[in-house]
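Asker: sequence first, then the predicted structure:
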Amino acid sequence: MGFFNWITENQQIIYIVVLMIFVGIEVIGRVPSVLHTPLMSGANAIHGVVIIGAIIVMGRAEPDNYLALILGFLAVIVGTLNVVGGFVVTDRMLEMFKRRKPKH
Amino acid sequence: MNILTLCYLLASITFIIGLKMLSGPASARKGNLVAAAGMSVAVLGTIFLYRDDAGQRLGNYGWIFGGICIGGLIGTLAAKRVKMTAMPEMVSMFNGMGGLCAALIAIVEFDHFRRHAIIVMEGTTASGMLIPVGLLIIILLGLIIGSVSFSGSMIAWGKLNGKIKDRSFKGQHLLNLLVLLAIVAGAVYLLFCFDLSLMGTLFYLILGLALLYGVLFVLPIGGADMPVVISLLNSFTGVAAACGGFLYDNKVMLTGGILVGAAGTLLTVLMCRAMNRSLANVLIGSFGGGNTVAKSGE
């Protein structure tokens, strides 16, 4: 019973998960092997959305809750590292990919 | 009309389009920028427009902007300065940071629920579920997957750096399996135990074991196979991020996380295929590293 209730209550989220699994697989299905590493790096930057969770944790932390303040702050820093560093490094990879291509 | 919902929808679409463009040589660079733009919209929207269930705005703006400035500065400098040959290890490092972020969120949220549970206990005499089990499962998943991804990525980073050598010993298979079993057993026990202090102890024990598992998982895998492992850990972090989406009922975290989780898993398989090997061969066959190197060299 509990299981069915859970599915009914969360059906929206479950639909998103199922559909996104197929979208994720379909969307990169034909990637050429030269692009494997840049694609990995780009996907790495995209999962940096976890930063939003860190911002919410930080923004909701009560002033006297030091655990939430310190860990939340740390989470915002490392989350930003993931997002910003991820996108910049991907851009650099693709830049050198582009530069090399006309020579061949 | 809620503008933030629109921001999140827009960001989710840019993630899908960005990934699509990233998998074609002509559009790849633009695809990266599209996803980055969507990410900025989602982050800025969260900072300025987010309201929790009670309609409360976010506070601690100083901390948030401080953290973003520090992280953004270090991230940009590190990514700009890294040598072209060292880029995969940089990706591994950033991936580990994402995993750490997910694990930290899980720790804070667990602490929050524990405090909340105490208040409930004092108010009522009912001894039932103190914490909604569904949410607890999500928090635990985020913690475990995030921690494994973090410590595993750090080891992968060290290996590509040459700072950490391949290490394997007899019975490593068994030890890994035991650690994994201990994590699962601990997590299941935690779900059904109603003693708050025991729950806390178990939670941090699981955290430690998950970190250990990440190390044990990557340590014996040969340095040449690291890109495959990083890709796998990348998809792990995606799933950990999606757990955050479940937790906050945040659709963009969910979409982005699952998208990367699925695409990353397929990419891992494709990478293995490009090397003419199976994923199992990379992960398991590499125990006793020299063996596989010889095999693939033939």
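Answerer: Alright, I've got the coordinates.

Asker: middle-most residue in chain A, spatially?
Answerer: Nearest to the geometric centre of chain A sits residue A:47, at 0.8 Å (CA atoms, centre = their mean).

Asker: quick one: residue A:64 is in a strand?
Answerer: No - Residue A:64: not assigned to a strand; according to DSSP: H, G, I helix; E, B strand; the rest coil it is coil.

Asker: I figured residue B:232 hits residue B:267, correct?
Answerer: No - in terms of CB atoms under 8 Å, residue B:232 does not count as a neighbour of residue B:267; the distance is 9.1 Å. Bear in mind the C-beta positions are built from the backbone N, C-alpha and C, glycine included.

Asker: for chain B, what spans make up the helices?
Answerer: B:3-22, B:28-49, B:61-81, B:87-123, B:133-161, B:172-191, B:196-218, B:226-248, B:251-274, B:279-283, B:290-297 (DSSP state H).

Asker: looking at those helices, which has the lowest confidence?
Answerer: Confidence, taken as mean pLDDT, is least for helix B:290-297 of the helices of chain B (a mean of 41).

Asker: follow-up on the earlier one: and the residue nearest to the centre of chain A, what is it in contact with?
Answerer: Contacts for residue A:47 were tallied using CB atoms under 8 Å, 6 or more residues apart in numbering or on different chains; they are A:82, B:95, B:98, B:234, B:237-238, B:240-241, B:256-257, B:260-261, B:264.

Asker: can I get these in a markdown table with neighbour count and distance to residue B:114?
Answerer: Below are the contacts of residue A:47 laid out as a markdown table (neighbours: other CB atoms under 10 Å in any protein chain shown; distance: CB to CB, whole Å):
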| residue | neighbour count | distance to residue B:114 |
| --- | --- | --- |
| A:82 | 33 | 27 |
| B:95 | 36 | 29 |
| B:98 | 37 | 25 |
| B:234 | 31 | 31 |
| B:237 | 35 | 25 |
| B:238 | 31 | 27 |
| B:240 | 32 | 21 |
| B:241 | 38 | 23 |
| B:256 | 36 | 28 |
| B:257 | 33 | 25 |
| B:260 | 33 | 30 |
| B:261 | 25 | 28 |
| B:264 | 29 | 32 |
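
Asker: how many residues are close by the closest residue to residue B:202 other than its chain neighbours?
Answerer: Setting aside the residues directly before and after it, residue B:202 is nearest to residue B:190 in space (CB to CB, 6 or more residues apart in numbering or on different chains), at 4.6 Å. Applying other CB atoms under 10 Å in any protein chain shown, we find 20 residues neighbouring residue B:190.

Asker: where does chain A have low pLDDT?
Answerer: Applying pLDDT under 70 to chain A flags the ranges A:1-2, A:98-104.

Asker: and it, what are its domains?
Answerer: Domain ranges of chain A: A:1-30, A:32-103, per automatic domain parsing.

Asker: most tightly surrounded among these?
Answerer: domain A:32-103 (a mean of 23; mean count of other CB atoms under 10 Å in any protein chain shown).

Asker: now that domain: how far from the chain's centre is it?
Answerer: Here the centre of domain A:32-103 is set off from its chain's centre by 7 Å, with CA atoms, centre = their mean, to the nearest Å.

Asker: tell me the centre residue of chain B?
Answerer: residue B:237 (2.4 Å).

Asker: isn't it right up against residue B:99?
Answerer: Yes - in this structure residue B:237 lies within contact range of residue B:99 using CB under 8 Å: 4.7 Å.

Asker: now for the two: what residues contact both?
Answerer: B:145-146, B:149, B:153.

Asker: of those, closest to residue A:8?
Answerer: residue B:145 (26.0 Å; CB to CB).

Asker: give the contact list for the closest one.
Answerer: B:99, B:102, B:236-237, B:239-240, B:243.

Asker: roughly how far does it sit from chain A?
Answerer: Taking CB to the nearest CB, to the nearest Å as the measure, residue B:145 falls 11 Å from chain A.

Asker: leaving out chain neighbours, which residue sits closest to that residue?
Answerer: residue B:240 (4.2 Å).

Asker: isn't that neighbour right next to residue B:96, touching?
Answerer: No - applying CB under 8 Å as the test, residue B:240 and residue B:96 come out as separate, 11.5 Å apart.

Asker: quickly list what's touching both of the two.
Answerer: Counting by CB under 8 Å, 6+ apart, the residues touching both residue B:240 and residue B:96 are residue B:149.

Asker: A helix includes residue A:29, no?
Answerer: No - counting by three-state DSSP, residue A:29 falls outside a helix, being coil.

Asker: which residues touch it?
Answerer: Per CB under 8 Å, 6+ apart, neighbours of residue A:29: B:23, B:266.

Asker: the same query, at a cut-off of 10 Å, please.
Answerer: Applying CB atoms under 10 Å, 6 or more residues apart in numbering or on different chains, we find residue A:29 in contact with B:23, B:263, B:266, B:270.

Asker: cool, and residue A:81?
Answerer: With the criterion set at CB under 10 Å, 6+ apart, residue A:81 makes contact with A:48, A:51, B:67, B:70-76, B:78-79, B:93-94, B:96-98, B:100-101.

Asker: can you say which of those are buried?
Answerer: Burial by neighbour count, 16 or more other CB atoms under 10 Å in any protein chain shown: within the contacts of residue A:81 this picks out A:48, A:51, B:67, B:70-72, B:74-76, B:78-79, B:93-94, B:96-98, B:100-101.

Asker: related to what we said a few turns ago, between the shared contacts of residue B:237 and residue B:99, which is nearest chain A?
Answerer: residue B:146 (8.3 Å; CB to the nearest CB).

Asker: thought that closest one was touching residue B:99?
Answerer: Yes - using CB atoms under 10 Å, residue B:146 makes contact with residue B:99 at a distance of 4.6 Å.

Asker: burial check on the closest residue to residue A:91 other than its chain neighbours, number of neighbours?
Answerer: Spatial nearest neighbour of residue A:91, chain neighbours left out: residue B:32 (5.6 Å); criterion: CB to CB, 6+ apart. Residues lying near residue B:32 (other CB under 10 Å) number 29.

Asker: straight-line length of stretch B:243-254, end to end?
Answerer: Taking CA to CA, to the nearest Å, stretch B:243-254 runs 7 Å from one end to the other.
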